[in-house]
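K.L.:
Give me the fold of what follows.
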Amino acid sequence: MRIGIYIEMRMCAMTRPSWLNKKIRLKDCASVKTLLADLRLGTVCEEALCPNIGECFAKGQATFLILGKHCTRGCAFCGVKRKMPDPVDPAESARVAEAVERLGLDHVVITSVTRDDLPDGGAQAFVDTIAAVRAKRPAATIEVLIPDFAGNREALEKVVAAHPEILGHNIETVKRLYGEVRRGADYERSLEVLRHAAACDGTVRVKSGIMLGLGEREEEVLAALADVVETGCRFFSIGQYLAPGREHYPVQAFIPPDRFVFLKEKALTMGFDRVVSGPYVRSSYHAAEYLSPSGGEGR
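P.N.:
This is a model prediction of the structure:
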């Protein structure tokens with residue numbers, strides 16, 4: 001990075017800059033939290049400690065987390081706990097569909113923990129959940145944010161064949177940082193997930209995203225954008241990494257808002273169709289906008 005682009009952190013407890021001052025109001029979350037507890041459902045909003053939870057829950061929106069609340073990997077940046085997962089719950093898909101109907105969602109985002117303990121990585125659970133949601137709310141568009149299924153192409157093809165409108169898989173960071181930040185993942189494997197998904201069905205829109213502030217250099221971010229667009233992926237999100245807790249990978253830099261604008265413009269010139277970029281952006285933030293006529297281009 002050129003000097004002056006990033007505001008470097010000098011100590012772990014450094015005060016966040018003025019553009020990172022979003023507050024979570026618990027009362028905004030109450031009704032959605034009650035519904036989710038009622039149906040025994042998890043969300044990545046809660047498990048990953050997303051800073052946008054108050055805003056999204058206040059609008060009756062949530063990103064459903066299927067296949068339990070425990071992950072078999074435990075990436076250094078993620079708030080989801082690493083622990084041996086519970087057995088797959090065959091009734092979970094029906095409960096997700098019930099929540100979608102009760103919330104009146106027009107765009108549904110479904111993600112999961114990584115389940116390396118399952119032969120298909122949990123792909124069938126995505127298929128079942130897509131089918132259950134379509135049965136309950138046929139007009140809703142569906143977006144899935146999938147793990148890499150340990151490189152299992154058949155598992156990926158199974159999810160693509162269920163025909164979600166958007167299939168997402170995040171690269172999360174630049175190639176150089178994978179060993180520190182994404183233990184158990186592989187940069188090239190993630191690119192291959194995007195590439196194969198795009199090749200399987202051209203009508204399924206492929207999406208990815210990256211976090212900034214992990215110690216990456218700008219030229220590495222631009223290289224990652226070039227790698228991703230080459231796969232056929234056309235939707236992309238760029239956001240600021242915020243450590244969920246002291247035990248997680250420490251934030252290395254706070255990225256000023258103008259750099260998010262710059263990277264968005266660069267990404268669009270590279271060939272992406274929709275880019276949502278900003279300090280508080282997460283992969284499912286304003287997710288329905290990617291399919292709107294103006295999409296992320298207006299953000």
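
K.L.:
The helix or strand harbouring residue 32 packs against which elements?
P.N.:
Assigned by DSSP states H and E, residue 32 belongs to helix 26-38. In this structure, helix 26-38 makes packing contacts with helix 53-58, helix 92-103, judged by 3 or more C-beta pairs under 8 Å, 6 or more residues apart in numbering; DSSP states H and E. For glycine as for every other residue, the C-beta is placed from the backbone atoms N, C-alpha and C.

K.L.:
same thing but 6 Å
P.N.:
helix 53-58 (3 or more C-beta pairs under 6 Å, 6 or more residues apart in numbering; DSSP states H and E).

K.L.:
hmm, back to that, return the set of buried residues in the helix holding residue 32.
P.N.:
For helix 26-38, the buried set under the neighbour-count rule, 16 or more other C-beta atoms under 10 Å, comprises 28-29, 32-33, 35-36.

K.L.:
Moving C-terminal from that helix, which element do we reach first?
P.N.:
strand 42-43.

K.L.:
Let me see the residues that make contact with that following strand.
P.N.:
62-63, 65, 69 (C-beta atoms under 6 Å, 6 or more residues apart in numbering).

K.L.:
and the residues you listed as JSON lines, adding secondary structure?
P.N.:
Listed next are the contacts of strand 42-43 as JSON lines, based on DSSP: H, G, I helix; E, B strand; the rest coil:
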{"residue": "62", "secondary structure": "coil"}
{"residue": "63", "secondary structure": "strand"}
{"residue": "65", "secondary structure": "strand"}
{"residue": "69", "secondary structure": "coil"}
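
K.L.:
Now that we have those residues, which of them are buried?
P.N.:
Here, 16+ other C-beta under 10 Å leaves 62-63, 65, 69 buried among the contacts of strand 42-43.

K.L.:
Surely residue 71 and residue 114 touch.
P.N.:
Yes: shown here, residue 71 and residue 114 form a contact pair, counting by C-beta atoms under 6 Å, at 5.0 Å.

K.L.:
These two: which is more packed in?
P.N.:
Neighbours were counted for residue 71 and for residue 114 using other C-beta atoms under 10 Å; residue 114 has more, 26 against 22.

K.L.:
Now that one. Nearest residue, chain neighbours left out?
P.N.:
Nearest-residue entry for residue 114: residue 147, 4.2 Å, with adjacent residues in sequence omitted and distances by C-beta to C-beta, 6 or more residues apart in numbering.

K.L.:
what do you get for residue 99?
P.N.:
residue 39 (5.3 Å).

K.L.:
Looking at the buried ones among the contacts of strand 42-43, which one is closest to residue 209?
P.N.:
Nearest to residue 209 out of those is residue 63 (C-beta to C-beta; 12.8 Å).

K.L.:
Distance-wise, check the closest one relative to residue 285.
P.N.:
9 Å (C-beta to C-beta, to the nearest Å).

K.L.:
for residue 123, same thing?
P.N.:
25 Å.

K.L.:
And those two? Which one has more around it.
P.N.:
The neighbour comparison of residue 123 against residue 285 (other C-beta under 10 Å) goes to residue 123, with 26 against 23.
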